[in-house]
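Q: 3D, please:
(chains A, B, C and D)
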Number of protein chains: 4
Amino acid sequence: MTFYFIEMIQFDCDYCEGAHPLIMELLMATNMEQTALYGTDIYCDKAKEAIKRAIYSGGYTGAAEPAVHFLVGGTQTNTLAISTLLKPYQGVLAPATGHIALHETGAIEAWGHKVLTLPEANGKITAAQVEEAYIAHYTDASAEHMVQPGMVYISQPTETGALYSLAELEAISAVCRKRELFFYVDGARLGYGLASPDADFTLADLARLTDIFYIGGTKVGALFGEALVIMNPAIKRDFRYNIKQHGAMLAKGRLLGLQFLRLFTDNLYLEISKGAVEKAMQIKAVLEECGVEFFFKGSTNQLFPIFSTEILNRIEERFKLDYWRPGEKEGTHCVRICTSWATRQENVDALISYLREVLK
Amino acid sequence: MTFYFIEMIQFDCDYCEGAHPLIMELLMATNMEQTALYGTDIYCDKAKEAIKRAIYSGGYTGAAEPAVHFLVGGTQTNTLAISTLLKPYQGVLAPATGHIALHETGAIEAWGHKVLTLPEANGKITAAQVEEAYIAHYTDASAEHMVQPGMVYISQPTETGALYSLAELEAISAVCRKRELFFYVDGARLGYGLASPDADFTLADLARLTDIFYIGGTKVGALFGEALVIMNPAIKRDFRYNIKQHGAMLAKGRLLGLQFLRLFTDNLYLEISKGAVEKAMQIKAVLEECGVEFFFKGSTNQLFPIFSTEILNRIEERFKLDYWRPGEKEGTHCVRICTSWATRQENVDALISYLREVLK
Amino acid sequence: MTFYFIEMIQFDCDYCEGAHPLIMELLMATNMEQTALYGTDIYCDKAKEAIKRAIYSGGYTGAAEPAVHFLVGGTQTNTLAISTLLKPYQGVLAPATGHIALHETGAIEAWGHKVLTLPEANGKITAAQVEEAYIAHYTDASAEHMVQPGMVYISQPTETGALYSLAELEAISAVCRKRELFFYVDGARLGYGLASPDADFTLADLARLTDIFYIGGTKVGALFGEALVIMNPAIKRDFRYNIKQHGAMLAKGRLLGLQFLRLFTDNLYLEISKGAVEKAMQIKAVLEECGVEFFFKGSTNQLFPIFSTEILNRIEERFKLDYWRPGEKEGTHCVRICTSWATRQENVDALISYLREVLK
Amino acid sequence: MTFYFIEMIQFDCDYCEGAHPLIMELLMATNMEQTALYGTDIYCDKAKEAIKRAIYSGGYTGAAEPAVHFLVGGTQTNTLAISTLLKPYQGVLAPATGHIALHETGAIEAWGHKVLTLPEANGKITAAQVEEAYIAHYTDASAEHMVQPGMVYISQPTETGALYSLAELEAISAVCRKRELFFYVDGARLGYGLASPDADFTLADLARLTDIFYIGGTKVGALFGEALVIMNPAIKRDFRYNIKQHGAMLAKGRLLGLQFLRLFTDNLYLEISKGAVEKAMQIKAVLEECGVEFFFKGSTNQLFPIFSTEILNRIEERFKLDYWRPGEKEGTHCVRICTSWATRQENVDALISYLREVLK
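A: Next comes the predicted model:
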């Protein structure tokens, strides 16, 4: 058996590799153990404890105890969280570019709910928009003929690398509580958000401010896996029935437990996220130094520089980037450059020196 | 970090361990490669080719080319196959003990379809029952007020280890084609079925006789994964949209490709299945020798002997079996004994000699 | 324009005509009035008050105030009540011959829920069966992999004309409250049940014992229409959103209000039901007198006598009956004979004297 | 029993009354007849023939024969048509102000499908927009992660009274056929569209150009009812199963048949629509004469004039209009004035002379 290796260095995506070597090591070490099934095993238990510890040690003091469930992927997690919590006639408020609005092939609708999109800026919406949408609904004479807002969905960081500040999260949370809307945060890239130099929020804040959120593993070191954290006591009961019904209960659930146990041991989740963000910041610094402009601003592991056709062609001779969209000026292009836990410093160095050469 | 080990020898389940060591080896060897996402990578391509080769080399000569998709788990696979193929007002005929009827928390119903159960014997239904159900529907004056049969679902082997003979499969297939019903085979434990000394069917037969079937990985050597094989050309188009909508498109799809590639290299899938079934047959021989009766008959990797309370208590001092149900006589119990690709010969030997002692 | 008239006298169905003349009169009298839409008009308000009065005047003294909604048909009403109240992973316990189980083309499943059928006798299930099903679910080690019972559905009277006694209703209600199951009664033919000489329950009892029930209009004097009565305060909020989402909010909602207003004025609903049942009892008496046996026993507006082929052929020369099923003895047939609010005494007399002649 | 009469003259809505007197007359005349159930009766048959005749006599010469089904209301009809025809992963392209997008409490989503909204002008979208949306989908690298367009939905006339010209309908139809999209026309107010002085399309054109459309009765003379006309042969099979599953099969289906039979006898549908539009045009002429501007332009039975606060207050002393939205200039208001088959000429005269007085 021989295998194919891609030779171009990829900066187009943060989930092109397998898992962090320490995770693979743990999977190997435990491979032949016999454990309980469907997430009721000892490793899932330990992983849940580790995540709770991370929340409490971050300063969480709320009365509600986090309930953690491990799931395989993001669309599955979003669909579960949203369809389980909404009443049949309710929809979820989301930025128009939110993952659930655009890139889940209508999974939310397949489970019966409308995504009520709001205009966004850099992928973000505001507390004021939520309040406005709420009021608009209830002051409409035809309210009963319209989908009732029942939840707010945001991504932290957003799909284009922006972060909500703590103040923004608190404001959205306050509106949600005032208006009896669930507040759900999609943390597919949460590690890279927490590791951003601009982050002023913690896991403990998410626990305090949301009803439910998830800590992404797939894009942050795991082979796969997302840890859904339910804070609102009213929505914990019988949640595993929903998981099974969604085809989302992994038979060998320990695979998820083991991965999150390792990610939340010795601070691995944050450490590898920091490494990725630092590498992105190195690239960003060079781009800024060379006068390159950015389509979306941000300080996580994703950069969205704008290049001319000529420059882009030259870069793409040696590096695989992700074409995002045309720039606003004719002949310009916004691309995505991603780093991840797997990005090697030598590749960053190669990219940086090549960029310097091409952009000078 | 210290880990917990279960010390009692488990014969209760065929998916308590991780993956076959050769699969783990391949996952390790390729871990840091960068590949395409969502199942569009080179390993998925190769794995699909390997599965097709296994079908064609088994003698399949049909015009329809198999289309293979890799999914994470059984409930997900069943839900996808069934909900995608049925029209909204159609249901799926299934044995009353079928996995979709009993143990998927209503996932088929959650996607809108009724499971139309038929009485079963050892988990099996017959072509005659299907024909009868079809005719009963269309001769009912209220047919439009009833769910229309649109598909037949069976498991090969069944949940209790029985096999359909080739003649039985051909008969069901013939009714399905005559009556325009889709024929779907759940192969969660297909390897153990193919490896049975009583098996007279092949992968090629399934390809020839069904519209769609799946080759189970989760219970046969993989960490997780099922290979859905679509034969009916009418149902191939756009299938990946359905996968994504079901939250079933694994981001790092190569993990599935790699596992099935390895399983279908050097005949591993069949070899490890054979090993498991041989071990089950060793145990079965001893049980028969000692005059033990069986609740369900079968020759795959699952045995369902009946023990008295006293005997069962003694066995359970040293071995973990799966309590299935009370026996028909007062004070008797049907338990499940499973072997798998992971069962060690020394544990089988230990069980056998212990059984001889206890049962003499 | 000429119209076709069916000449054979129909006893096969209780909804073959339009509406009671007094209802038609009211529809005519108000036809050109301009009213509010979607059930918010003055007639709906009055009709709701009239139904509440009927409940309270029957002796209801509970704290929960009935909330009434008018819907067009039975399947619509059942689907709304059940799908709105159940959690996604819950199913509804129902007799195997229940309307929702057999004759709604899978509408309950289309809205995501499994009908959990129980064996029935004359269309009825017992409190003990409900308790047993509840316990069986929660003591199953795989409970999370199975649909959780969330509600009990019965019809009063049943589809084959049987009545639950007050004691039976009380027993089911008690189990439901103990086990946190919703209790829902389908009253498609409720009038004929209330008017039965054997009825020992009242509207007030249904209000006291159920969470939700409906008072059927379609089969009891209205052109169409069912009055859904919600008793459980926890399920009243925002119910009109559900109605609209189900396509069940009649634009000119007053048509429903007017019909129920008339039915609940001057006791019309009960009076016409009594007339129908009395006519059925006249026919029953003659059948008994002539030694005819019955497949289902009952004392509402439906009779299920068993005839030989020869007798049946003779009857069907002049009267249209509803063929129900073969009898248990070769060459015998169970048919349904229905009376309704619209049945004319002269037709009953004609049937009776013909039966006497044929059966002598 | 005494009844309440609203005294203010209503011009706010076109479905505030019951049914046209000729329809009521027919319902009365046939009330005590016994007919077949669920839309299989003689009147439904005759009504279907009458509608087909109207299509053929309008010049339809296509090979596909229209299949007609009668349903109770618009949301029900839209949901049925759309959810039945789309594949699970497909959505329906619609104007952002389309009824299905805004005013059906997410019924389309409840049945699993996303409404893919397009920017509209006066409620209309163009063939070019449809083509663009189609191409945008299929050229997106993430197409499989997005909802696939499967159908185009428009209203003729639109919710704000605008009409598609024949050329516009032909252009949309051509794109749909080229791109394999179903084309569905919501004709809730179709009569008023056909009766517009600007209408250059016919029923025969709709039959020729669409896959499916409906002829609205609820707003055009009936108590309730919509006639769904299926043209595409591929979507006719088993449609009645869908109707039943949606809770949309009226038990006394003849009520729908009778109403449409009368509407399509002696050209009543078009005659009463013409009367309504003529009255709207009388009002429009006076408004134009007085220099009033319109928020939406149109020539059907709905007018959308803009009034100052002062003028509006004065009008509302005597007439009930429908407040639509604030005008673009501060202190101005767009209201809706509707006529219908039920509008009396004396009320139009009263409104006109009052408007002349107030606006002079």
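Q: now for A:F319: which residues touch it?
A: Shown here is A:F319, whose contacts under the criterion CB atoms under 8 Å, 6 or more residues apart in numbering or on different chains are A:8-11, A:351, A:354. All C-beta spots, glycine's among them, are computed from the backbone N, C-alpha and C.
Q: cutoff 6 Å now
A: A:9, A:11, A:351 (CB atoms under 6 Å, 6 or more residues apart in numbering or on different chains).
Q: residue contacts, the second one?
A: With contacts defined as CB under 6 Å, 6+ apart, the neighbours of A:F11 are A:319, A:321, A:337-338.
Q: about what we covered before: out of the contacts of A:F319, which are inside strands?
A: When DSSP state E is applied, the contacts of A:F319 are split such that A:I9 fall in strands.
Q: rewinding a little: between the contacts of A:F11, which sits nearest chain D?
A: Checking the contacts of A:F11 against chain D by CB to the nearest CB gives A:L321 as the nearest, at 13.2 Å.
Q: name the nearest residue to the residue in the stretch 151-300 of chain A that chain B sits nearest to, ignoring sequence neighbours.
A: Using CB to the nearest CB, A:G247 is the residue of the stretch 151-300 of chain A that sits closest to chain B, at 3.4 Å. The shortest distance from A:G247 to any residue other than its chain neighbours is 3.4 Å, reached at B:Q76 (CB to CB, 6 or more residues apart in numbering or on different chains).
Q: all helices for the stretch 51-200 of chain A, in order.
A: When secondary structure is read from DSSP state H, counting those that start in this stretch, the stretch 51-200 of chain A shows helices at A:74-85, A:99-102, A:107-110, A:127-139, A:166-179, A:190-194.
Q: hmm, I was thinking of the stretch 201-350 of chain A
A: Taking DSSP H, counting those that start in this stretch as the criterion, the stretch 201-350 of chain A contains helices spanning A:203-209, A:239-245, A:254-263, A:268-289, A:309-318, A:345-359.
Q: out of those, flag the one nearest chain C.
A: Taking CB to the nearest CB as the criterion, helix A:239-245 is the member of the helices of the stretch 201-350 of chain A that comes nearest to chain C, at 3.7 Å.
Q: does that closest one reach chain C?
A: Yes - Helix A:239-245 reaches chain C (CB under 6 Å from any CB of the partner chain) through A:240-242, A:244-245.
Q: please check those and keep the buried ones.
A: For the residues of helix A:239-245 next to chain C, burial is judged from neighbour counts taken by 16 or more other CB atoms under 10 Å in any protein chain shown, and it is met by A:240-242, A:244-245.
Q: wait, which of those residues is closest to D:Q259?
A: Here the nearest of those to D:Q259, counting by CB to CB, is A:Q245; it sits at 42.5 Å.
Q: neighbours of the nearest residue to that closest one once chain neighbours are set aside, how many?
A: Distance criterion CB to CB, 6+ apart; nearest residue to A:Q245, sequence neighbours excluded, is B:T105 at 4.1 Å. Other residues within reach of B:T105, judged by other CB atoms under 10 Å in any protein chain shown, total 30.
Q: what's the distance between B:T105 and A:G275?
A: Counting by CB to CB, to the nearest Å, the separation of B:T105 from A:G275 is 40 Å.
Q: same question, A:F296
A: Using CB to CB, one obtains 22 Å as the distance from A:F296 to A:G275.
Q: any weak-confidence spans in the stretch 201-350 of chain A?
A: Within the stretch 201-350 of chain A, the set of residues satisfying pLDDT under 70 is empty.
Q: quick check: phi and psi on the nearest residue to A:I243 once chain neighbours are set aside?
A: Excluding its sequence neighbours, the residue lying closest to A:I243 (CB to CB, 6+ apart) is A:M249, at 4.7 Å. Summarising the backbone geometry of A:M249 under the convention degrees, to the nearest 10, its torsions are phi -100, psi 100.
Q: surely A:M249 touches A:C44?
A: No - under the criterion of CB atoms under 6 Å, A:M249 makes no contact with A:C44, lying 11.4 Å away.
Q: mind checking pLDDT for the closest residue to chain D within the stretch 151-300 of chain A?
A: As assessed by CB to the nearest CB, chain D sits closest to A:E159 within the stretch 151-300 of chain A, at 11.5 Å. Here, the pLDDT recorded for A:E159 equals 94.
Q: and it, how far is that from A:G123?
A: Noted for A:E159: a distance of 5 Å to A:G123, by CB to CB.
Q: repeat that for A:P305.
A: A:P305 is 17 Å from A:G123, where distance means CB to CB.
Q: stretch A:174-191 - what's its average pLDDT?
A: 98.
Q: quick one: buried residues of it?
A: In stretch A:174-191, residues buried by neighbour count (16+ other CB under 10 Å) are A:175-176, A:179, A:181-191.
Q: swap in stretch A:124-143?
A: Within stretch A:124-143, the residues that qualify as buried by neighbour count (16+ other CB under 10 Å) are A:124-127, A:129-131, A:133-134, A:137, A:143.
Q: make CSV out of those and add pLDDT and distance to chain D.
A: As requested, the buried residues of stretch A:124-143 are exported to CSV (pLDDT from 0 to 100; distance: CB to the nearest CB, whole Å):
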residue, pLDDT, distance to chain D
A:K124, 98, 21
A:I125, 98, 18
A:T126, 98, 22
A:A127, 98, 24
A:Q129, 98, 18
A:V130, 98, 19
A:E131, 98, 20
A:A133, 98, 14
A:Y134, 98, 16
A:H137, 98, 11
A:A143, 97, 9
